[in-house]
Structure formats: C-alpha cells, structure tokens
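Engineer: this is a predicted model, with the sequence first.
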Amino acid sequence: MRLTRLTIDGDWTATVTDEPLEIAPGFVFRDFRVRVAAYADVEERQRFQLTTFGSQDWLWDTPDEFRFDPVSRHLVGAEFRVPAEAADAEDTARLPDLPPVHPGGLRADEVRDFRLEVTSDLCRGPGDGVLTCLRDLDVLDEPLEARIGIAPDVALLVQHGAVVGWSLTDPVRYLTSSFAAPDPTGPAPATRLLFSRCLDLVTTSLFDGVRDRNPQALTVLRELERALRGQREDRHRVEALLAFVAELVEDSGDTAPPSRPLRAARGRHPDRFLRGGRRPRRSHPRSGGVKRTSGWTPRAGSADVDVDALTRLRGRLGR
C-alpha cells in the first residue's frame, strides 16, 4: 500500500515524498535520544530551530521534534525521545510483523507549528537489533500499514494513516555522544553485548534497584562500568555508553574508585536528563498485563544548561 498523506498530530498532516533525509541518525545514550539533524553544536541547533517550523520543545514541554523548511515545507530534521521502560515480553511478542520500509520524506501541507507527542512504550527486538517505540500498547491490537524510512535505519510507523511510533534499526551502530557524528565503521561484537546490558540497566527494574542502593543492583552496575572501561576497541561507542553508566555510578553513591580516569565527555551537552520515579501502571485489557507509561524522562532539546538537573537526580537517588 502506497501512502501519500500522513496525520501526525490531530488535523496536522504531511505528504509523503520520495526524498528521505540522508543524514545518519545519532543515538545519544546519555540522554536516551535519537537525533536526525546536521547541526554540530548548541548554537547551530538554536539557529536551526529559529529558521524552521514544526514540533519542538518549549520550556518544560519536551515533545518529539519534526522540523520543516518554511519555504519548501520539506522535513529537514527530527529528534526522538526513546521510552525509558521496555514493554513486557508478553506485549513485545504481540508486536505485529513490521512491514517493509518505504524510503520517503515528508512535506508539510501547511506552514504551522504542531506538537508531536513522545512515544510511551519501547519494544526491544531480538538482540536489540531493532528498537520499536510506540504511542501506546493499543497499537499492538491491529496490523501496521506501513513504515516510512525518513532517514537511514529510522522509520515512522503508520496505522490508519496516522503516525503511531517509530523504529531504529541496528541502534548500536549509531551510538554517539552529544552532537558528534556516529562512527562510520561497524560496531564491535563486544559493543553489541555491552549495549544490551546498558539497555537492561535503563529499561528494567535494575534501575530501581540502583536507585534504592540494592547491593546486588550496585554490583551489576559496577561490573558494567568495569566492562565498559576495559574494552579497548570501538571506543567512540563505548564512551557514549560509559557517559551514562559512570554518571549513574557516581550519583548512586558508589564511591569505589574507577580503574582508570573517566574519559567520557561529561557535561559537554547542555541537555541534562531528569529521571523521575516510575509512573503508576494501568491494566491493558488486551494483553492481560500492565502498561508502563514511562520511566525516567530525558530532558532534551533545551538550548540552556539545566543547572538544577543534577540536584534533582541526586534527590531521586536519595543523596
């Protein structure tokens, strides 16, 4: 089925074109955010937002971002927040077969800002080879119509003519820090294993154990940090993972000295994530299980340094 128009937010629509973005995505693990844009620093990002329109963050509201050129109305960039709690295995098993990717861009039907709601449910594919982010678990009740590949390995999920989520294929390939471009060489096999361990840390109850200073959870965290520091190959991707893990070690109150100085580029990116407690769960009538609405919420998209974020993070960890 060839789609020509997508509903993205209420009555806001865009036409599917044959011109996908050629920009490689960057998965900034420290912020749990996927960026598809060409800007290289904060100032360039500010200028980019000022000269484009669409969905973007505003004060404490941090939706996903689609940015369009005001003259051509073509999509020129995007940022997605990855849900920080994975769906249960039972729900993930209900994920319908993903349709083949149809490469395509978007052209806004009008020059008007809108709000693209973040997705709430993360489905981890086998070996974490594909991360599928859904609007909600109700999407699993019916087949998907299409996947529109708006950039390399980044696709929008379409159901009933509306965007209901997105997917990132081979996410470990695109790991990076801050505004740096991902390493063009392929990831090492060991990095893939470490990536899955880091996802386990973020998306499962292990994170709650770290927050509560559970001895077993802290042992897992320390072992993961040592494994990241000890891997000599594929350092660009490993540093992207270590930036998050080492900070969590520090802020969980674990003062064990590292085996070598921290090499991760901590503090360079202005956007500090905020990790609130897990929200209440509600029953999902179809699966018989529960729906997790979110874990911690990344603070992404602000051009200003959030000087209070670390204080709030430490407060959550009970320091």
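Structural biologist: On my side now, so go ahead. Numbering: from 1, shown residues only.

Engineer: any chance you could map the helices in this protein?
Structural biologist: Using DSSP state H, the helices of the chain run over 42-50, 89-92, 189-203, 206-211, 215-230, 235-251, 309-316.

Engineer: now mean neighbour count and mean pLDDT too, for those helices, in TSV please.
Structural biologist: C-beta: built from backbone N, CA, C; applies to glycine. Shown next, in TSV, are the helices of the chain (neighbours: other CB atoms under 10 Å; pLDDT from 0 to 100):
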stretch	mean neighbour count	mean pLDDT
helix 42-50	14	94
helix 89-92	15	90
helix 189-203	19	96
helix 206-211	19	90
helix 215-230	16	95
helix 235-251	23	94
helix 309-316	14	40
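
Engineer: distance to Trp12 for those - can I get that in a markdown table?
Structural biologist: Below are those laid out as a markdown table (distance: least, CB to CB, whole Å):
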| stretch | distance to Trp12 |
| --- | --- |
| helix 42-50 | 18 |
| helix 89-92 | 29 |
| helix 189-203 | 30 |
| helix 206-211 | 34 |
| helix 215-230 | 41 |
| helix 235-251 | 33 |
| helix 309-316 | 31 |
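
Engineer: out of the ones you listed, nearest to Arg112?
Structural biologist: Closest approach to Arg112 among the helices of the chain (CB to CB): helix 42-50, 15.7 Å.

Engineer: thinking again about what came up before, what's the closest of the helices of the chain to Pro182?
Structural biologist: Of the helices of the chain, nearest to Pro182 by CB to CB is helix 235-251, at 7.7 Å.

Engineer: the closest one versus helix 215-230: what angle between them?
Structural biologist: If you take axes from the mean of the first three to the mean of the last three CA atoms, to 10 degrees, helix 235-251 sits at 150 degrees to helix 215-230.

Engineer: roughly how far out does helix 235-251 sit from the chain middle?
Structural biologist: 16 Å (CA atoms, centre = their mean, to the nearest Å).

Engineer: do the same with stretch 139-146
Structural biologist: Taking mean C-alpha positions (CA atoms, centre = their mean), stretch 139-146 and its chain are 21 Å apart.

Engineer: now swap in stretch 165-178 and tell me
Structural biologist: 8 Å.
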